[in-house]
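>>> following is a predicted model, sequence given first.
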Amino acid sequence: MKKNYINDFFKSLGTSKVVVFIVSWILYLYVYALYKSLRIKFKNIDIFKETLSKGPGILLFWHGRSLVVGPFWRTTFKGKYDAAAIFSTHRDGIFMEKIMTRFKIGAIRGSTNENSKAAAVAIYKALKNNTSIALTIDGPTGPRFVIKAFSPFYFSSKLQVPIYSLAWSSEKGKITKNWDRYFIPRFFRKTVLNFSKPLIVKKDATDKEIEEIARNYEKMMLKELHEADATFGFDPIPQQPRDLTKKRKDI
C-alpha cells in the first residue's frame with residue numbers, strides 16, 4: 001500500500017481550533033499566492049461567465065484537481081456571485097472547509113458517504129437561492145474519476161440549472177500517490193483551465209436517462225482532463241474500477 005501523504009499530514013495536525021485556524025490560514029495564503037503566480041490560459045471562460053450571470057450553476061471537477069477552484073472563484077468574481085461546496089467531516093474536510101471559506105465559498109457539510117440526504121437538501125435550497133455549487137464529483141474517497149452521485153444531474157433537470165466541468169493542468173507540478181492523484185503545480189508555470197460548455201438536463205428526465213447522461217459526462221470529464229495533461233506531456237492517469245471499495249486505495 002502506497003503512503004497517503006496528504007491524508008497523513010492532516011491526521012498529524014489534529015483538529016484543535018487553534019491548529020485548524022493557523023494551518024488553514026497558511027495553506028490559504030500558499031494556495032492563493034500559487035494561483036496568482038500561474039500563467040493561465042482559459043478555455044470557454046467567457047461562456048462560463050455569461051451563463052453564470054443569468055443564474056446559478058453547478059461546477060463539477062475531480063477531487064485531485066480541486067486546488068485552483070477557490071482562488072479562481074475569488075479572483076474572477078470577487079464576491080459577485082455566491083457559491084458553496086460540500087465538505088466531509090473528516091480532518092482533511094475540516095481544513096479544506098476553512099480554506100475554501102476564505103475564498104468566499106460557503107460550506108455544506110456532508111458527502112456521498114455521510115449525511116448525503118441532508119447535503120442534497122442543502123444543495124437544492126442553495127440553488128433555489130441563487131447560489132452556485134462546486135462539487136468534487138468523485139470525492140471524498142473515490143473511486144478516482146468515477147461519478148458516484150447523480151444528484152447534480154437531477155438538480156439540473158428539476159431546476160433547469162446548467163452544469164459545467166473544469167479540467168486543468170500545468171506544465172510542471174507534483175502528482176501525489178494519493179487515491180485521487182492530487183495535482184500541485186509549481187509557481188509561475190503555464191497552466192490551462194478548460195471549462196466545458198453548459199449542460200442543462202431536460203426537464204423531468206427519468207432516472208434511467210439521468211444515469212446515462214451522468215455516465216457520458218464522466219467520460220467527457222476524463223477525456224478533457226487527459227487532454228489538458230497531454231498539453232504538458234503528462235501520461236493519462238487511469239480511472240479506478242467503478243466497484244472499488246469505498247476505502248481509500250492507492251492503485
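Noted; the coordinates are in hand. Residues are numbered from 1 along each chain as shown.
>>> quick one, what contacts P236?
226, 229-230 (C-beta atoms under 8 Å, 6 or more residues apart in numbering). (C-beta placed from N, C-alpha, C; glycine too.)
>>> longest strand of this protein?
When the chain is parsed with DSSP state E, its longest strand is strand 163-170.
>>> what about that one, average pLDDT?
The pLDDT scores in strand 163-170 average 98.
>>> list the buried residues of it.
163-170 (16 or more other C-beta atoms under 10 Å).
>>> OK, contacts around M100?
69-70, 85, 87, 107.
>>> let me see the backbone angles for it.
In this entry, M100 is assigned phi and psi values of phi -70, psi -30 (degrees, to the nearest 10).
>>> now do the same for L59: helix, strand or coil?
strand (DSSP: H, G, I helix; E, B strand; the rest coil).
>>> I figured it hits Y164, correct?
Yes: assessed by C-beta atoms under 8 Å, L59 is found in contact with Y164 at 5.2 Å.
>>> of the contacts of M100, the lowest pLDDT goes to which?
F87 (88).
>>> what about the closest residue to it other than its chain neighbours, neighbour count?
Take F87 and drop its neighbours on the chain: the residue closest to it by C-beta to C-beta, 6 or more residues apart in numbering is E97, 4.0 Å away. Other residues near E97 number 22, with proximity taken as other C-beta atoms under 10 Å.
>>> report the contact partners of E97.
87, 107, 109.
>>> repeat that with 10 Å
20, 24, 85-89, 105-109 (C-beta atoms under 10 Å, 6 or more residues apart in numbering).
>>> let's verify it: helix, strand, or coil?
helix.
>>> can you give me the end-to-end span of stretch 189-200?
34 Å (C-alpha to C-alpha, to the nearest Å).
>>> which parts of that stretch are buried?
Within stretch 189-200, the residues scored as buried using 16+ other C-beta under 10 Å are 189, 191-196, 198-199.
>>> secondary structure class for I184?
Once three-state DSSP is applied, I184 turns out strand.
>>> if we ignore the residues flanking it in sequence, what's nearest it?
K174 is the one closest to I184 (C-beta to C-beta, 6+ apart), at 4.6 Å.
>>> contact partners for the one you found?
K174 neighbours (C-beta under 10 Å, 6+ apart): 182-186.
>>> tabulate the residues you listed (JSON lines), appending pLDDT.
As requested, these are exported to JSON lines (pLDDT from 0 to 100):
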{"residue": "Y182", "pLDDT": "96"}
{"residue": "F183", "pLDDT": "98"}
{"residue": "I184", "pLDDT": "98"}
{"residue": "P185", "pLDDT": "98"}
{"residue": "R186", "pLDDT": "98"}
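>>> hang on, A149 packs against S116?
Yes: checked against C-beta atoms under 10 Å, the pair A149 and S116 is within contact range at 7.4 Å.
>>> so what sits against both of the two?
I86.
>>> coming back round to it: show me the buried residues of stretch 189-200 that map onto strands.
Per DSSP E, the buried residues of stretch 189-200 map to strands at 191-195.
>>> closest one of these to G55?
Each of those was checked against G55 using C-beta to C-beta; the closest is F195, at 16.5 Å.
>>> so what sits opposite that closest one in the bridge?
Bridge pairing for F195 (DSSP bridges) gives the partners L166.
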